[in-house]
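K.L.:
With the input below, show me the fold.
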Amino acid sequence: MDYTYLIIWLVLFIILIVIEMITTAVTAVWIGIGCLAGAVCAMFGLPVWLQIVVTALVSFLLFAFVRPGVKRNFDKKKRQLGLRKHIGTRALVTSEIDNLRGIGEVRIGNREFSARSSLEGVEIPKGAVVIVKDVYKDIMIVTPDESLDYNLKPRSSEARLDPHIMDKY
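P.N.:
Have a look, this model is predicted:
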């Protein structure tokens, strides 16, 4: 049995995987997996034209149907890692933050981000200064800058239920 084509497919696979690791474009890996399919065909002694057709077909199907979902997930993780650089920085609240209603935005530099408070039951008014404590998906988890008194505003419903709530702030 001639192993020439099997070796060629495996070498192509290795080259494409190395290219993928260098570029992280989520592209070469699908062609590399297609090369593995070609290698399997070569192992069974199928004709070269069929090896090429199987390689092209498997590569196309993976590229067309699997890559979009993988790329979307990869980009989200990459973006979240990029947002983590803001942990510990100050931000300006541009839209009131209220976890109960699921609203809130902050500005860091010239970019706006969705935000939620790390403190439950506290609304953070527009114009307040906050500190980014964490990032969850694409949302900044913030806490009011304690050095500024005007940053916290207890929810009126909680103030009525617990008359001592103002003692916390």
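K.L.:
what's the pLDDT at the residue nearest to residue 124 when sequence neighbours are not counted?
P.N.:
Nearest residue to residue 124, sequence neighbours excluded (CB to CB, 6 or more residues apart in numbering): residue 97, at 4.1 Å. In this view, the C-beta of every residue, glycine as well, is placed from N, C-alpha and C. For residue 97, the pLDDT comes out at 91.
K.L.:
does residue 97 count as helix, strand or coil?
P.N.:
Recorded secondary structure, residue 97: strand (DSSP: H, G, I helix; E, B strand; the rest coil).
K.L.:
burial count for it?
P.N.:
28 (other CB atoms under 10 Å).
K.L.:
so what are the domain limits for the protein?
P.N.:
For the chain, automatic domain parsing gives the domain ranges 4-83, 87-168.
K.L.:
ok, back up a step: who's in contact with the residue nearest to residue 124?
P.N.:
Listed by CB atoms under 8 Å, 6 or more residues apart in numbering, the contact partners of residue 97 are 103, 104, 105, 106, 115, 116, 117, 123, 124, 130, 142.
K.L.:
on that earlier part again, compare the mean pLDDT across the domains of the chain and name the weakest.
P.N.:
Across the domains of the chain, the lowest-scoring stretch is domain 87-168, with a mean of 78.
K.L.:
chain center to that domain: distance?
P.N.:
Taking CA atoms, centre = their mean, to the nearest Å, one finds domain 87-168 lying 23 Å from the centre of the chain it belongs to.
K.L.:
circling back to that earlier point, which among the contacts of residue 97 end up buried?
P.N.:
104, 105, 106, 115, 116, 117, 123, 124, 130, 142 (16 or more other CB atoms under 10 Å).
K.L.:
So which of those belong to strands?
P.N.:
104, 105, 106, 115, 116, 117, 123, 130, 142 (DSSP state E).
K.L.:
In space, what's closest to the last one - neighbours in sequence excluded?
P.N.:
Distances taken as CB to CB, 6+ apart place residue 130 nearest to residue 142, at 3.9 Å, with adjacent residues excluded.
K.L.:
what are the bridge partners for the one you found, then?
P.N.:
Beta-bridge pairing of residue 130 under DSSP bridges involves residue 91, residue 144.
K.L.:
mind saving the C-alpha coords of the helix or strand harbouring residue 132 as CSV?
P.N.:
Taking DSSP states H and E as the definition, residue 132 sits inside strand 129-136. Taking C-alpha atoms only, strand 129-136 is exported to CSV below (Å, rounded to 0.1, in the frame of the first residue of the first chain):
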residue,chain,number,x,y,z
VAL,A,129,-19.3,58.1,39.4
VAL,A,130,-18.9,54.3,39.8
ILE,A,131,-16.0,51.8,39.8
VAL,A,132,-16.1,48.8,37.6
LYS,A,133,-15.8,45.7,39.8
ASP,A,134,-16.3,42.9,37.2
VAL,A,135,-17.5,42.1,33.7
TYR,A,136,-20.3,39.6,33.0
